[in-house]
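Trainee: structural data only, the sequence is not supplied:
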């Protein structure tokens, strides 16, 4: 027997409204330009109220780019272990949480829009920062349960704070992800999968060994 849970009618309707607003925002920008594509013109095209718009998007930039608020699925933390590649696990966790904000739209069109309107990238960076905050919070909790992992870190008279350790681990783990996105091997059309981080992680570990 299949255990697949189908989305409810309400969830399907919400997804359809979200997509309608996103498509209306993109169409308005392509027709009018970003400055002239207002929330009013977007909602008129989508046939919904401005109040409904703000139930789905905090700004027209988010609607144009098709950005969601990133979420941390607790299931992503299942099986996390400090006894194996922590950097790789956190990098893949970052990717999964970031994708919760970025997936579900035409990645090629999104890149074209950010090239045409470079300041839109700022909003994408803000969403990535939100994803990093979620991962840092989750990692802080995991570290608090495993203090032996960071025992001895910091200065002799000032042991490392668990939140600071989590912050620096997440910042470090973001390097392979950012490197992969910036590399010529990344295709916006194909998107990113966890296995795509493997070459960058391998290179990172090799460089790290030389630096230590």
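Mentor: Arrived safely. All values reported here derive from a predicted model rather than from experimental measurement.

Trainee: CA atoms for contacts and neighbours, from now on please.
Mentor: OK.

Trainee: which phi and psi does the residue lying farthest from the centre of the chain have?
Mentor: No residue in the chain sits farther from the centre than residue 157, which is 37.1 Å out by C-alpha atoms, centre = their mean. Dihedral pair for residue 157: phi -100, psi 0, per degrees, to the nearest 10.

Trainee: kindly report the same for residue 159.
Mentor: For residue 159, the backbone dihedrals (degrees, to the nearest 10) come out as phi -60, psi 150.

Trainee: give me the number of residues near it?
Mentor: Residue 159: 12 surrounding residues under other C-alpha atoms under 10 Å.

Trainee: that one: what's it in contact with?
Mentor: 151-153 (C-alpha atoms under 8 Å, 6 or more residues apart in numbering).

Trainee: now these in CSV, with pLDDT?
Mentor: Shown next, in CSV, are the contacts of residue 159 (pLDDT from 0 to 100):
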residue, pLDDT
151, 91
152, 91
153, 92
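
Trainee: and which of these is nearest residue 42?
Mentor: Checking those against residue 42 by C-alpha to C-alpha gives residue 153 as the nearest, at 52.2 Å.

Trainee: and residue 190, helix, strand or coil?
Mentor: At residue 190, secondary structure determined by DSSP: H, G, I helix; E, B strand; the rest coil is coil.

Trainee: from residue 107, how far off is it?
Mentor: In this view, residue 190 and residue 107 are 8 Å apart by C-alpha to C-alpha, to the nearest Å.

Trainee: and for residue 26?
Mentor: Counting by C-alpha to C-alpha, the separation of residue 26 from residue 107 is 13 Å.

Trainee: who has more neighbours, the two?
Mentor: Legend: neighbour count by other C-alpha under 10 Å for residue 26 and residue 107, higher for residue 26 (24 against 18).

Trainee: what's near enough to touch the nearest residue to that one once chain neighbours are set aside?
Mentor: The shortest distance from residue 26 to any non-neighbouring residue, by C-alpha to C-alpha, 6 or more residues apart in numbering, is to residue 64 (5.1 Å). Residue 64 makes contact with 22-23, 25-26, 29, according to C-alpha under 8 Å, 6+ apart.

Trainee: what is the nearest of the contacts of residue 159 to residue 82?
Mentor: The nearest member of these to residue 82, counting by C-alpha to C-alpha, is residue 151 at 12.7 Å.

Trainee: can you get me a residue count around the closest one?
Mentor: Neighbour count of residue 151, defined by other C-alpha under 10 Å: 11.
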